[in-house]
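1. test case, fold it:
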Amino acid sequence: MNHVAPQTIRAMRAEADRLLDFGRRSWTDRGFGWLDDSGALISRPLELWINCRMTHVAALGLLSGRSEFAEMADHGVASLLDHFQDTEHGGWYAAIDDSSGAASDSDKLAYAHAFVLLAASSAVAARRPRADELLDLARQVHDQRFWIGDKNLVHERFSADWVEAEPYLGVNAAMHTVEAFLAVHDVTGEQSYLDRAEATTQQVLSWARERDWRIPEHFDLDAIPLPDYNRDSPADPFRPFGATVGHALEWSRLALSVRAARRATDASYDGGLVGAATQLADRAVTDGWAVDGADGFVYTTDWSGEPVVHARMHWVVCEAIGAAYALGIATGEQRWDDAVETWWDYADRYLIDRENGSWHHELDARNAPASDTWVGKPDVYHAFQACLLVGDHLPLAPSFATALARR
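-> From the prediction side, this is the model:
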């Protein structure tokens, strides 16, 4: 049971509504666009991952009591079916032009397709028109193209016609696939998705266990780690070099969600997931929190735990809050509830943009707004989920949309 201060819970719930209001500005003719620091649309192609995230957020907004988000959720579902979908080869384009509707990046990405599954699942939970159609298509594509059953991972990227595959496997895409599988399991009841989510989670935990709880992120097609991958581009937004502090925290929460989902039908189940989630979070906090003379989580470290990229990404503290909340429930330890307070205070002080809305997506090593990796405020997914999780005191399973729908 969590013992987060009531004023913190109220503040986070209020912030969830403020983030929803900011997110409405992303509406475009064919989907949802990338917003700048002031909340204005940036002139650039529409990204599949952003459109999926905002569709998911809109469904959660509707399910949390904001009826005006029904239209936004429906717009997102229509965008995915009518604009992003590749009707010739199947799957979804990585990016499209908002004016013409033509694909500006026709590749098929596992990261973005995981979010198609998530958006569709949330729309189904919210009982939106055409949501079942979208989820059926997304499941077919993922099963046929992305899932690698003998490795418990996903293919990273294909050409538009699915002929060429990138010789790379990534834990980032696998992580969001686990998130999506849990959501699909919740709305379909199909056990195979929970089985896959657990298998991938246990695989990643085994790799982390071998490396003092630092997760290897990058692999070749034989699932052999590539520890020096992107050493020359360490601050990459999706494939940074080294250990990514925020991903350890995100995996910690997901591991506990897998455990909670299992325990819904087997109260004695553990799977070693509480201990592993605690180890992951402890390592991330030791390596990443306030290690360079200022509060905040560094973005990445090397394999000995030394900081590499000192920038503070907003999503990392969001995932820290989520992990601490989950660990507070799973362990009953007060230190995790205290951590929620500490990291919320940090977000309140440095990240929340009271003037323009949403959260600064990146800060420098001294907690001033920066834009070396992220330009503007692409979406509200991470911050909204963190605020909703604590503000609405959601369970660790089922996942967000189903939990809200059952209320």
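2. which residue ranges of the stretch 301-407 of the chain form strands?
-> 307-309, 312-313, 362-363 (DSSP state E, counting those that start in this stretch).
3. let me know the helix or strand that Ala248 is in.
-> In this assignment (DSSP states H and E), Ala248 forms part of helix 245-263.
4. beta-bridge partners for the nearest residue to Phe84 once chain neighbours are set aside, please?
-> In this structure, Phe84 finds its nearest non-sequential neighbour in Trp92, 4.6 Å apart by Cβ to Cβ, 6 or more residues apart in numbering. Where C-beta positions appear, they are placed from N, C-alpha and C, glycine not excepted. Trp92 forms beta bridges with Gln85, as assigned by DSSP bridges.
5. go ahead and confirm Trp92 touches Ala114.
-> No. Between Trp92 and Ala114 there is no contact under Cβ atoms under 8 Å: 11.2 Å.
6. which stretches of the stretch 201-350 of the chain form helices?
-> Per DSSP state H, counting those that start in this stretch, the stretch 201-350 of the chain carries helices over the ranges 245-263, 273-288, 314-331, 334-346.
7. redo the strands of the stretch 301-407 of the chain as a markdown table? Include mean pLDDT and mean neighbour count.
-> As requested, the strands of the stretch 301-407 of the chain are arranged in a markdown table below (pLDDT from 0 to 100; neighbours: other Cβ atoms under 10 Å):
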| stretch | mean pLDDT | mean neighbour count |
| --- | --- | --- |
| strand 307-309 | 98 | 19 |
| strand 312-313 | 98 | 28 |
| strand 362-363 | 98 | 22 |
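8. with distance to Ala326 added, can I get these in a markdown table?
-> As requested, the strands of the stretch 301-407 of the chain are exported to a markdown table (distance: least, Cβ to Cβ, whole Å):
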| stretch | distance to Ala326 |
| --- | --- |
| strand 307-309 | 25 |
| strand 312-313 | 20 |
| strand 362-363 | 25 |
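9. of those, which is nearest Val57?
-> Nearest to Val57, of all the strands of the stretch 301-407 of the chain, is strand 312-313, at 18.5 Å by Cβ to Cβ.
10. residues in contact with that closest one?
-> 246, 296-299, 350, 361-365, 367, 373-374 (Cβ atoms under 8 Å, 6 or more residues apart in numbering).
11. out of these, which are buried?
-> By neighbour count, with 16 or more other Cβ atoms under 10 Å, those hold 246, 296-299, 350, 361-363, 365, 367, 373-374 as buried.
12. and these, which is closest to Pro398?
-> Using Cβ to Cβ, the buried ones among the contacts of strand 312-313 come closest to Pro398 at Gly246, 23.7 Å.
13. ok, that closest one touching Ala323?
-> No. Gly246 is not in contact with Ala323 according to Cβ under 8 Å; the separation is 9.5 Å.
14. mutual contacts of these two, please.
-> Counting by Cβ under 8 Å, 6+ apart, the residues touching both Gly246 and Ala323 are Ala284.
15. shaky segments in the stretch 51-200 of the chain?
-> By pLDDT under 70, the stretch 51-200 of the chain has no low-scoring segment.
16. please, where are all the strands along it?
-> In the stretch 51-200 of the chain, strands defined by DSSP E, counting those that start in this stretch lie at 95-96, 103-105, 108-109, 147-148, 153-154, 157-158, 169-170, listed in chain order.
17. what separates Thr201 from Ala294, distance-wise?
-> Distance, Thr201 to Ala294, using Cβ to Cβ, to the nearest Å: 32 Å.
18. so those two - more neighbours on which side?
-> Thr201 (27 against 15; other Cβ atoms under 10 Å).
19. mind listing what's buried in stretch 374-386?
-> Here stretch 374-386 shows Trp374, Gly376, Lys377, Pro378, Asp379, Val380, Tyr381, His382, Ala383, Phe384, Gln385, Ala386 as buried, counting by 16+ other Cβ under 10 Å.
20. for the fifth one, give me its contacts.
-> By that I understand Asp379. Contacts of Asp379 (Cβ under 8 Å, 6+ apart): Gly23, Ser26, Phe32, Trp34, Leu35, Ile50, Arg53, Met54, Val57.
21. what's the closest of these to His393?
-> Distance to His393 across the contacts of Asp379 (Cβ to Cβ) is lowest for Val57, with 18.9 Å.
22. so that closest one versus Val375, what's the distance?
-> Separation of Val57 from Val375 (Cβ to Cβ): 20 Å.
23. looking at the strands of the stretch 301-407 of the chain, which is closest to Met175?
-> Nearest of the strands of the stretch 301-407 of the chain (Cβ to Cβ): strand 312-313, 15.2 Å.
24. quick one: end-to-end distance for stretch 160-167.
-> End-to-end distance for stretch 160-167: 16 Å, by Cα to Cα, to the nearest Å.
25. on that earlier part again, could you dump the helices of the stretch 201-350 of the chain to JSON lines with mean pLDDT and distance to Glu71?
-> Converted to JSON lines, the helices of the stretch 201-350 of the chain look like this (pLDDT from 0 to 100; distance: least, Cβ to Cβ, whole Å):
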{"stretch": "helix 245-263", "mean pLDDT": "98", "distance to Glu71": "30"}
{"stretch": "helix 273-288", "mean pLDDT": "98", "distance to Glu71": "38"}
{"stretch": "helix 314-331", "mean pLDDT": "98", "distance to Glu71": "26"}
{"stretch": "helix 334-346", "mean pLDDT": "98", "distance to Glu71": "31"}
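26. could you redo those helices as CSV and give each row distance to His75?
-> Written out in CSV, the entries for the helices of the stretch 201-350 of the chain read as follows (distance: least, Cβ to Cβ, whole Å):
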stretch, distance to His75
helix 245-263, 28
helix 273-288, 36
helix 314-331, 24
helix 334-346, 31
